[in-house]
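Asks: A structural model of the following input is requested.
(one chain, ligands or ions: 1)
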Amino acid sequence: MTTFGVHSECGKLRTVMVCRPGLAHKRLTPANCDSLLFDDVIWVERAQKDHDYFVSQMRARGIEVLEAHDMLAKVLDDKAARAWLLDHKVKADNVGIGMLGDLRSWLEEMPSAQLSEHMFGGIAKSELPFDPKGLFGGYLDQSDFVLPPVPNSLFQRDPSCWIYEGVTVNPMYWPARRQETLLLEAIYRFHPTFAGKANIWWGGSDKDHGPATLEGGDVMPIGNGVVLIGMGERTSPQAVVQVAKSVLGKKGGANRVIACQMPKSRAAMHLDTVFSFLDIDLLSVFPDVVDEIVCTSMYAGDKEGEIRFERHDGVHISEVVRQALNLPSIELLKTGGDAFQREREQWDDGNNVVALDRRVVVAYDRNTYTNKLMRDRGVEVIEVPASELGRGRGGGHCMTCPIVRDEVKL
Ligand SMILES: NC(=O)NCCC[C@H](N)C(=O)O
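Replies: As a prediction, the model looks like this:
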């Protein structure tokens, strides 16, 4: 049995999931991109080319890269798995009652790769091979969505995330991202790689979690049994405590969860937009936000299900991390350039890099000041073009969901 597990933020990366830009991005328009959490429409062919380059750089280093459309297509080859997904997707709450039967019959017969593309890319009324009946069918214009696209699945970091030897399937904050959870759940439940082998700590789409929202860009299993969880725009304390309960003291879980409370802003929507690991003792940080973070540690209490809290008021997050990892020292690499450049480079994901190994990272090409600073510190920086992929406001860290990553042995 394959042992899945993420044991650090910067040890050797072995298996990762990504999601190639596709149909969902061809649906972005000036009118809908804001509500779909993109800052602009994108040139999809170029984004695909750049994403392929990103993937090729990981594969060239021996990393196994799983692609979410392909993973879902394999799931849909299985009749029972397809029925499970369609039961959850093609339901009255989503598509009304009038077209339920016709839509279900069409999707039941659709080839798996095409259905997978539509699960991520959505379905417009104009694509239906039947005249949609019912109030909802009549209400939609030809270019309106029967099922909306989920273009932010490009950012695979967020809808699911591994915490040591288990995974959370995350209830997302914005409506535009909530449908991603179901697709990831289908992959973990039914894909032959994971079925019966992926230990789901928390989450899933069968239950409405209300304000208990969690996004993987906030979650970092940093080693030594410690997990950082950012609490900003996207991840709420109600979720953090439930995740803590599900992993603390558990086999393959964690011994300490550190909640990192951040100011709420789009520039700092997740912890990983302002903070990422270049090495176990070298952190990339955007100080304007990171210096404001307030940490609270959580440990398993004496009684089953009880949690003990320890606040670290006035202690910088880097010092909390240093102590938690028993490191003699920790260095901070701050976003590069003058005040204007720093703000621009953080916005363009300068601090959102993914480590393929210690001091080997993938970064966007446009962040020239921060990339230079990393190189000056001996970090190998693999540059990926940012112009199209970056328009959804996510970098290399956001675009990857590590599934197998080594611990860093000190
Ligand atoms: N971990 C991340 O920071 N992911 C980036 C997500 C960007 C996406 N447009 C969003 O707003 O959710």
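Asks: can we go C-alpha only for contacts and neighbour counts from here?
Replies: OK.
Asks: What residues does this structure have near the ligand?
Replies: Counting by Cα under 6 Å from any ligand atom, the chain comes close to the ligand at 37-38, 152, 155, 157-158, 217, 270, 272-273, 392-394, 398.
Asks: I'd like the distance between residue 39 and residue 391.
Replies: Distance of residue 39 to residue 391, computed by Cα to Cα, to the nearest Å: 6 Å.
Asks: count of residues packed around residue 206?
Replies: 9 (other Cα atoms under 10 Å).
Asks: What helices and strands are in contact with the single longest helix found in the chain?
Replies: Longest helix in the chain, counting residues (DSSP state H): helix 44-60. Using 3 or more Cα pairs under 8 Å, 6 or more residues apart in numbering; DSSP states H and E, the elements in contact with helix 44-60 are strand 64-67, strand 380-384.
Asks: what does it rub up against?
Replies: 20-22, 25-26, 64-65, 356, 382, 384-385, 388-389 (Cα atoms under 8 Å, 6 or more residues apart in numbering).
Asks: So what touches stretch 230-242?
Replies: Contacts for stretch 230-242 (Cα under 8 Å, 6+ apart): 172-174, 202, 211-215, 218-219, 229, 259-266, 268-271.
Asks: Between the two ends of it, what distance do you get?
Replies: Separation of the first and last residues of stretch 230-242 by Cα to Cα is 14 Å.
Asks: same check, this time on stretch 71-86
Replies: End to end - Cα to Cα - stretch 71-86 spans 16 Å.
Asks: likewise stretch 22-36?
Replies: Across stretch 22-36, first to last residue, Cα to Cα, it's 15 Å.
Asks: Return the set of buried residues in that stretch.
Replies: 22, 23, 24, 25, 26, 27, 28, 33, 36 (16 or more other Cα atoms under 10 Å).
Asks: How far does it sit from its chain's centre?
Replies: Relative to its chain's centre, stretch 22-36 lies at 19 Å (Cα atoms, centre = their mean, to the nearest Å).
Asks: Residue 122 touches residue 150, doesn't it?
Replies: Yes: assessed by Cα atoms under 8 Å, residue 122 is found in contact with residue 150 at 7.2 Å.
Asks: neighbour-wise, which of those two wins?
Replies: Neighbours were counted for residue 122 and for residue 150 using other Cα under 10 Å; residue 150 has more, 23 against 19.
Asks: Verify the stated contact: the more buried one with residue 120.
Replies: Yes: taking contact to mean Cα under 8 Å, the distance of 5.4 Å between residue 150 and residue 120 places them in contact.
Asks: so what sits against both of the two?
Replies: Common neighbours of residue 150 and residue 120 (Cα under 8 Å, 6+ apart) are 24, 180.
Asks: List the contacts of whichever residue of the stretch 201-350 of the chain sits closest to the ligand.
Replies: Of all residues in the stretch 201-350 of the chain, residue 217 sits closest to the ligand, at 3.5 Å by Cα to the nearest ligand atom. Listed by Cα under 8 Å, 6+ apart, the contact partners of residue 217 are 157, 158, 270, 271, 272, 273, 397, 398.
Asks: Among those residues, find me the one that's closest to residue 349.
Replies: residue 273 (6.3 Å; Cα to Cα).
Asks: Now the closest one: closest residue in space that isn't a chain neighbour?
Replies: residue 352 (5.2 Å; Cα to Cα, 6 or more residues apart in numbering).
Asks: which residues touch that neighbour?
Replies: Here residue 352 is in contact with 272, 273, 274, 275, 276, 363, 394, 395, 396, 397, 398 (criterion: Cα under 8 Å, 6+ apart).
Asks: swap in residue 306?
Replies: Contact partners of residue 306, counting by Cα under 8 Å, 6+ apart, are 245, 300.
Asks: The same query, at a cut-off of 10 Å, please.
Replies: Applying Cα atoms under 10 Å, 6 or more residues apart in numbering to residue 306 gives the contacts 245, 248, 299, 300.
Asks: Going by contacts, tell me the helices and strands next to the helix or strand containing residue 93.
Replies: Using DSSP states H and E, residue 93 sits in helix 92-95. Applying 3 or more Cα pairs under 10 Å, 6 or more residues apart in numbering; DSSP states H and E, we find helix 92-95 packed against helix 100-109, helix 134-139, strand 145-147.
Asks: hmm, try it at 8 Å
Replies: strand 145-147.
Asks: Would you indicate which residues of the strand it packs on are buried?
Replies: Those would be 145, 146, 147, for strand 145-147 by 16+ other Cα under 10 Å.
Asks: How far does the next helix or strand along the chain from it sit from its chain's centre?
Replies: For strand 145-147, the following helix or strand on the C-terminal side (DSSP H and E) is strand 160-163. How far strand 160-163 lies from its chain's middle: 8 Å, per Cα atoms, centre = their mean.
Asks: Strand 160-163 packs against which elements?
Replies: strand 5-6, strand 166-169, strand 219-223, strand 401-405.
Asks: Could you check how far stretch 299-312 is from the centre of its chain?
Replies: That offset, for stretch 299-312, works out to 27 Å (Cα atoms, centre = their mean).
Asks: Pull it out as CSV, backbone CA atoms only.
Replies: Provided in CSV are the C-alpha atoms of stretch 299-312 (Å, rounded to 0.1, in the frame of the first residue of the first chain):
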residue,chain,number,x,y,z
TYR,A,299,-2.5,20.4,22.0
ALA,A,300,-4.5,17.3,22.9
GLY,A,301,-5.9,17.8,26.4
ASP,A,302,-5.9,15.2,29.2
LYS,A,303,-9.4,13.9,28.4
GLU,A,304,-10.4,12.5,25.0
GLY,A,305,-11.5,15.2,22.6
GLU,A,306,-10.2,18.0,24.9
ILE,A,307,-7.9,20.7,23.6
ARG,A,308,-5.4,22.7,25.5
PHE,A,309,-4.7,26.2,24.2
GLU,A,310,-1.5,28.3,24.6
ARG,A,311,-1.4,31.9,23.3
HIS,A,312,1.8,33.4,22.1
